[in-house]
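Trainee: I'd like to go over a predicted model; first the sequence, then the structure.
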Amino acid sequence: MADRPNLSRRQLLILAGLGGLGLRTLAWAPRLQRPPDRAPSHGHLKRFVLHVRTSRADERKIIERRNRVRHRISRQAERVELRLARTPNAGSYAKRTALRRYMHGHTKIGGSDIDMPFVLTARSGDRLELEALLELFEGFVRGSYPRSKIVRTKSSIKLEFSSFKYSFDIVPMVAVSGDSRREYLFRADGTKVPTSVSAHVRFCRRRTAASAKSPGIVRFNDMVRLFKWWSQMQALGDELLAEVPSIVLELLCAKAFDERGVESSYTSTLRAWFELIAGIVAERREVRFDEQRGAGESWAVIDPVSATNNVVPSRWTDAHIDRLAGWLRAAAITMKRVEACDRNDDGKGALRELEGLFGPVVGRLDLLDLDPSKVPLAQSC
């Protein structure tokens, strides 16, 4: 083997540009690696993150429609002298983890519903049971929008417009007496769960703000978006695990962020988070954000603002949990292959692997209009 001269990276790059002396002809030359945030897969994922966010135009429409819905239903409540304590912004739009809507064949991916809590004062709401609250609010919604599609769910009223692609979940809640930041949320069986809409929003936004202090462009809320999109793609056609609740994914991502933070690229962050969360789920490690420890449940992911609320669906068996762990392990292995493609400058190979996780839209982004003026505002939904 030829003697290896002591040359700097810059000198090697100069030699690579000279005719007949390309780096591939130098047996002693090391492979020059791109930084992680310059790797092909990071570029694909960066564009994908911009794509899965709700567009700026949609954000404006959502805000305008949400304000009109809030005003109309509040007026209906006032007419029967039902006092509202507040109507806070909530859900994925307030947390900035919402997804745009995308059609995968005939299946909708993304397109987060717009959560709209209507919090009654303790005096107005304490005397009402869930069924009575739902009946009242269904009447308010029908009185406000008689021509729209309205469906009563187990704990909310869903409002859909034929001319608007996002639906609204009208959620009746009751204020906790003496505490302006906490509410009671009704479970499907009518029991009240103490919670806090504003604390949930702060829980996510604090981590997004903390991630902004790390080098690079990877943010906590965008990682949640990627995990939500990924889970919906994995659930397509899966008869056992048709859905993973957003709150479960959100809290698993929060645990991954608290333990690993974010790296300079989406690729390395995804690989690290998939590996960590796969272990948490497979080993049934309890996820919580305080010092207490529970017992007696096969697996628990505890609501950070309600220590008695396990957000893992009660209907899930070990088979459901094992299926989720399998998805996560497979995703971690895929991300390792993506990193190997990056090391070999195989951008096409990296893209094929990413399409397996996030769907074919990842490979079509070069054909889509990603005009910066249509990208959502950094401090918006």
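Mentor: Received it, and whenever you're ready, just let me know what you need. Keep in mind that this is a model prediction, so the values were computed, not measured. Residues are numbered from 1 along each chain as shown.
Trainee: what helix or strand is residue 202 on?
Mentor: helix 197-211 (DSSP states H and E).
Trainee: alpha carbons of stretch 227-242, as CSV, please.
Mentor: Output of stretch 227-242 as CSV, limited to C-alpha atoms (Å, rounded to 0.1, in the frame of the first residue of the first chain):
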residue,chain,number,x,y,z
PHE,A,227,-43.7,10.2,14.8
LYS,A,228,-47.4,10.9,14.3
TRP,A,229,-47.1,10.6,10.5
TRP,A,230,-45.0,7.5,10.8
SER,A,231,-47.5,5.8,13.1
GLN,A,232,-50.4,6.5,10.8
MET,A,233,-48.4,5.0,7.9
GLN,A,234,-47.6,1.8,9.9
ALA,A,235,-51.2,1.5,11.0
LEU,A,236,-52.5,1.3,7.4
GLY,A,237,-53.9,-2.2,6.9
ASP,A,238,-52.9,-3.3,10.4
GLU,A,239,-55.9,-5.2,11.7
LEU,A,240,-54.5,-5.4,15.3
LEU,A,241,-53.1,-1.9,15.9
ALA,A,242,-55.2,0.5,13.8
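Trainee: buried ones in that stretch?
Mentor: By 16 or more other C-beta atoms under 10 Å, the buried positions in stretch 227-242 come out as 227, 228, 229, 230, 231, 232, 233, 234, 235, 241. Backbone N, C-alpha and C define where each C-beta goes, glycine included.
Trainee: ok, of these, which one's closest to residue 146?
Mentor: In terms of C-beta to C-beta, no member of the buried residues of stretch 227-242 lies closer to residue 146 than residue 232, at 32.6 Å.
Trainee: could you report the pLDDT at the closest one?
Mentor: Residue 232 carries a pLDDT score of 92 in this model.
Trainee: again with the one 4 residues further on
Mentor: Note for residue 236: predicted pLDDT of 90.
Trainee: roughly how far does it sit from residue 327?
Mentor: 12 Å (C-beta to C-beta, to the nearest Å).
Trainee: my guess is residue 338 meets residue 348, correct?
Mentor: No: between residue 338 and residue 348 there is no contact under C-beta atoms under 8 Å: 11.8 Å.
Trainee: higher neighbour count, those two?
Mentor: When residue 338 and residue 348 are compared for neighbours, residue 338 comes out ahead with 28 against 10, by other C-beta atoms under 10 Å.
Trainee: the more buried one: which element?
Mentor: Per DSSP H and E: residue 338 is located in helix 318-343.
Trainee: who are the packing partners of that helix?
Mentor: The contact analysis (3 or more C-beta pairs under 8 Å, 6 or more residues apart in numbering; DSSP states H and E) places helix 318-343 against helix 40-52, helix 220-235, helix 266-282, helix 347-358.
Trainee: spatially, what comes nearest to residue 286 if we skip its sequence neighbours?
Mentor: Among residues not flanking residue 286 along the chain, residue 300 sits closest, at 4.9 Å (C-beta to C-beta, 6 or more residues apart in numbering).
Trainee: who's in contact with that neighbour?
Mentor: Going by C-beta atoms under 8 Å, 6 or more residues apart in numbering, residue 300 touches 286, 287, 288, 294, 310, 312.
Trainee: got it, and residue 299?
Mentor: Residues in contact with residue 299 (C-beta under 8 Å, 6+ apart) are 281, 284, 286, 312, 316, 321.
Trainee: out of the residues you listed, which end up buried?
Mentor: Buried subset of those (neighbour count, 16+ other C-beta under 10 Å): 281, 312, 316, 321.
Trainee: of the residues you listed, which is the nearest to residue 119?
Mentor: The closest of the buried ones among the contacts of residue 299, once distances to residue 119 are taken by C-beta to C-beta, is residue 312, at 25.9 Å.
Trainee: what about the closest residue to that closest one other than its chain neighbours, how many neighbours?
Mentor: Distances taken as C-beta to C-beta, 6+ apart place residue 301 nearest to residue 312, at 5.2 Å, with adjacent residues excluded. Neighbours of residue 301 under the rule other C-beta under 10 Å: 25.
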